[in-house]
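> compute the structure for the input listed below.
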Amino acid sequence: MKPKIVVTGSYNVGLVMKTGKLPVWGETGLAEGFSEGPGGKGSNQAVAVARLGGRSCFVGCVGRDRYGDQALEMLTAERVDIAAVKRTELAKTGAGFVILNRSGDNCILVDPGANRCMTPDDIDAIASVYEGAAFALFQLEMDKATVLHAMKTAAAKGARVILNPAPALPDIEALLRHATIVTPNESELKTISGIDASVSIEPQYIVELAQALLDHGPDAVVVTRGEDGATIVRRHEVIHIRPPKVEPVDTTGAGDSFSAALAVALGEGQTLEEAARFACFVGAYTVTGREVIPALPTREQVEAFIQAKAGEYQNGEGRQR
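Model (predicted):
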């Protein structure tokens, strides 16, 4: 049976371009490869869940504009349940401006728009969507009070909660108390720990920061580390998962696909270590494609990818304690 995964979060249209140099204030720079497409961390994760074999439900808010129309059309085509999606005339559909460098790394500016119009009262109105969910997946592109209320609601309905704290915000201890698993990347982990994200720190300190988050309530923290894979941190255990080697084209959406894959695999009954390894493969596959939604793999594509990379993981080489 497909695990039911409810994703509560954002939809943003993504406006993408590539450049070798970011302009400074007052300067006009040149870019190339402009594209426009669906995005937003919540929507990306909902689509990823559906493609990986989960029963995906999306809770969010879009504007009554052409981008909102396109959002609902896309989600429906991807077999995502949109019964709990709100539409509003108070704001435009959210937008994300994605700038890629020549190596495929990204920086993103987001105008949340309609995403901020989702309220705790709206969550109460659709609370039944969380019933029967194996996991409820959250990010931070929606008002923090709404996210907190939705996390409490999901937990009360019996769902285990995964918090992907992106974009990173300080002072999220209240959210952590209701999370089962937290999935920050390294820079997000530093920010939510009160450290400047630009400061370089040793890998062992990353583990210590993750262990400190456990004091606020989660059972586990899974830190995504790009080409270095992922690190699972629990109270008495640290496991490093090494990812398959790939040539990245566009890293946008890698974290979203990882969190979605983790939820699906755990919902199917895999252990956290097994699920994190599966999620590393999904994230690695995603960065080999351009744009987010087109790059998100199906379950069949991931399984073929895992089989093709099997030689890299003989004799437990993909795991370090």
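
> so which helix or strand takes in L15?
Under the criterion of DSSP states H and E, L15 resides in strand 12-18.

> pull out the buried positions in that strand.
Judged by neighbour count (16 or more other C-beta atoms under 10 Å), strand 12-18 contains these buried residues: N12, V13, G14, L15, V16, K18. Placement of C-beta: from N, CA and C, glycine included.

> listing partners with orientation, what would you give for it?
Each strand that pairs with strand 12-18, with its direction, by DSSP bridges: strand 32-39 (antiparallel), strand 94-100 (parallel).

> relative to A212, which of the buried residues of strand 12-18 is nearest.
For the buried residues of strand 12-18, the closest approach to A212 (C-beta to C-beta) belongs to N12, at 30.8 Å.

> right, and the closest one touches G94 too?
Yes: in this structure, N12 sits in contact with G94. The criterion is C-beta atoms under 8 Å, and the distance is 3.8 Å.

> so which of the strands paired with strand 12-18 is nearest F258?
strand 32-39 (15.9 Å).

> the very next helix or strand once past the closest one packs against which elements?
Sequence-wise, the next helix or strand downstream of strand 32-39 (DSSP H and E) is helix 41-51. Applying 3 or more C-beta pairs under 8 Å, 6 or more residues apart in numbering; DSSP states H and E, we find helix 41-51 packed against strand 4-8, strand 55-63, helix 66-77, helix 254-267, helix 292-295.

> what mean pLDDT does helix 41-51 have?
Across helix 41-51, the average pLDDT comes to 97.

> any idea how far that helix is from the middle of the chain?
In terms of C-alpha atoms, centre = their mean, to the nearest Å, the centre of helix 41-51 is found 8 Å from the chain centre.

> and the end-to-end length of stretch 15-29?
Start-to-end span of stretch 15-29 (C-alpha to C-alpha, to the nearest Å) is 16 Å.
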